[in-house]
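Participant: sequence and computational prediction follow.
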Amino acid sequence: MSSFFLPSKPPKGDRKRKRTQLNKKKNATKQKKSTKLTNENEEIASDSEIEEDQVAMVKDKKLRHDDNDSSSEEETAQEKRVRLAKEYIAELEEQEKLKLDQSSIDHDAIAHRLKEDALRQSGRLLRKVADTYVKPASDNIRILKGHRLPLTCAVVANDSQFIYSGSKDCSIIKWNVTSGKKEGVISGYFKYTEKPAESTSFPTGQVLALAVSTDGKYLVSGGEDKMVRVWEADTLTHVKNFKGHRNAVTGLTFQQGSYELFSCSSDRTVKIWNLDEMVYVETLFGHHDEVTAVDCLMRERPVSSGGNDRSVRLWKVIEETQLVFQGHKSAIDCIKLINEEHILSGSQDGSIAVWNVQKKKPLVTTSHSSEDTPPTGAGELWVTAIATLPYTDLIASGSSDGFVRLWKCGEKFKHLQYLFSIPVRGTVNGLCFSHCGKFLVAAVGWEHRLGRWWSDKTAKNVIVLISLDRNSSEQLTK
């Protein structure tokens, strides 16, 4: 498979020399930088002269922290690994005690958890759960109303208690899953200007993307105003603005288990931000057209879809290379990772495809429509949203034809088996499974999230909350 160095960084030798020079200047600029970085409403500019200074300072700080740890701790690296492993096993044992409400411990369950964790880390974990799902009854579908204009995106918190939705009306709503009521609203407004609203703490354009950190601490939004905005997820309090994209922000995702944030934009780039230090890290170049979506799991290897350049790209950030996959006949609107080795994409050619990171062409490509739910309206060939239940064989797809469809990934991902469809009225602009797999969220509007190629004014701009039924007592564990 072809791979090549990203043009976003200079050669390693040049970076080393530049880092040495920056470190020499660090003492003179340290006070100024720290004061600026602690400003509550500061905007971080990715294209400014301080980019490399910030990155070098963060890396140097981490190196010094590691050095201090190594000098203060007497244990060796091997002893530390053993200690952490014992602590993790003790934590699993405690969880099993609480689960069983007794003093005995299910060692087989602990061994199973350890095996799953190892497979997840290696990227090969795949639970076969799709066959246990059945079509939900109509009373298991709830409609949440609150946005005035079409919804563009929705995400579920990792604890499955809250949903966050974004809309073309510039607002973000936090929903309580149990009650179906609003927990809070971030209201924005349209600002008709070419310049991003750098100083505002609320959206000044359509909200096109949302992401929630794994621990539920941060909510991040992006949209037409070209800004990446960080919020406290619990209180919806504004934290930071990141500037640097030159066009609308179309996708956001966190690396699982970290505060590493990836954003993509119509400016053809993917950018990396670190919310631990609240700094810009780097820009990934390669797409030849606007980037429509980005996703990431546990590894620092995000994937992105390149719209009209019809490419899927996997970014090996540490290795500074990228892998390019092509196979769709039209623009790619959405992308998700199934596990670390398999990618799902949806295209305007009406197909969904599954890719293996070791192969240039898709393993399988299938039409989004199915025999019992034929396409029924304008834009019916576009796959506008997809979702995966990570590390399982269950996926979902949505379009403008009024249906959400669920699929099963077949043996070795060589085929996709249609399971059932769920009727919704309007264009499905966003799909997201809850972490536990108990429900599916669809963000629905009367038109596409990125344009107005068609419009169905009879559709409602709503969140569709679908409780998923299973024909087995087997449940996914967090």
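Facilitator: Everything's here; your move.

Participant: could you list the low-pLDDT ranges of the chain?
Facilitator: 1-75, 81, 88, 92-125, 191-199, 369-380, 472-478 (pLDDT under 70).

Participant: so Glu79 belongs to a strand, correct?
Facilitator: No: using DSSP: H, G, I helix; E, B strand; the rest coil, the assignment for Glu79 is helix, not a strand.

Participant: distance of it relative to Ala85?
Facilitator: In this view, Glu79 and Ala85 are 11 Å apart by Cβ to Cβ, to the nearest Å. Every C-beta, even on glycine, is put in place using the N, C-alpha and C of the backbone.

Participant: again with Gly188
Facilitator: Distance, Gly188 to Ala85, by Cβ to Cβ: 47 Å.

Participant: which one's more surrounded, the two?
Facilitator: More neighbours surround Gly188 than the other of Gly188 and Ala85, with 25 against 11 (other Cβ atoms under 10 Å).

Participant: please, which helix or strand holds that one?
Facilitator: In the assignment (DSSP states H and E), Gly188 maps to no helix and no strand.

Participant: which phi and psi does it have?
Facilitator: phi -120, psi -170 (degrees, to the nearest 10).

Participant: next secondary structure after the host helix or strand of Thr250?
Facilitator: Thr250 is part of strand 249-254 when elements are defined by DSSP H and E. Counting by DSSP H and E, the next helix or strand C-terminal to strand 249-254 is strand 260-265.

Participant: extract the C-alpha set from the helix or strand that that next one is followed by and format it as CSV.
Facilitator: Next along the chain after strand 260-265, taking DSSP H and E as the criterion, comes strand 270-274. The C-alpha coordinates for strand 270-274 follow below in CSV (Å, rounded to 0.1, in the frame of the first residue of the first chain):
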residue,chain,number,x,y,z
VAL,A,270,-7.2,18.0,9.5
LYS,A,271,-5.8,19.8,12.6
ILE,A,272,-4.7,18.3,16.0
TRP,A,273,-5.3,20.1,19.3
ASN,A,274,-4.4,19.1,22.9
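
Participant: ok now strand 270-274, how far from the chain's centre?
Facilitator: 13 Å (Cα atoms, centre = their mean, to the nearest Å).

Participant: how is the chain partitioned into domains?
Facilitator: 77-122, 130-470 (automatic domain parsing).

Participant: related to what we said a few turns ago, so what does the strand holding Thr250 touch, helix or strand wise?
Facilitator: Secondary-structure packing of strand 249-254 (3 or more Cβ pairs under 8 Å, 6 or more residues apart in numbering; DSSP states H and E): strand 207-212, strand 218-223, strand 260-265, strand 293-295.

Participant: just checking: what are the partner strands of the third one?
Facilitator: Take DSSP bridges as the rule and strand 260-265 pairs in its sheet with strand 249-254 (antiparallel), strand 270-274 (antiparallel).

Participant: can you tell me which of these is nearest to Thr292?
Facilitator: Comparing the strands paired with strand 260-265 by their distance to Thr292 (Cβ to Cβ), the top pick is strand 249-254, with 5.5 Å.

Participant: from the chain's centre, how far out does that closest one sit?
Facilitator: On Cα atoms, centre = their mean, the centre of strand 249-254 falls 6 Å from the chain's centre.

Participant: so where do the helices sit in the chain?
Facilitator: Secondary structure of the chain (DSSP state H): helices located at 12-37, 51-72, 77-100, 107-122.

Participant: distance of the nearest residue to Lys168 once chain neighbours are set aside relative to Ser167?
Facilitator: Leaving aside its sequence neighbours, Lys168 sits nearest to Leu149 (Cβ to Cβ, 6 or more residues apart in numbering; 4.0 Å). Using Cβ to Cβ, Leu149 is found at 5 Å from Ser167.

Participant: so between these two, which is more surrounded?
Facilitator: Neighbours were tallied for Leu149 and for Ser167 using other Cβ under 10 Å; the higher tally belongs to Ser167 (28 against 15).

Participant: for that one, give me its contacts.
Facilitator: Residues near Ser167 by Cβ atoms under 8 Å, 6 or more residues apart in numbering: His147, Arg148, Leu149, Pro150, Leu151, Thr152, Ile173, Gln206, Val207, Gly445, Asn461.

Participant: could you find the closest non-adjacent residue to it?
Facilitator: His147 (3.9 Å).

Participant: and Gln417, by the same measure?
Facilitator: Ranked by Cβ to Cβ, 6+ apart and with sequence neighbours excluded, the top spatial neighbour of Gln417 is Lys408, at 4.3 Å.
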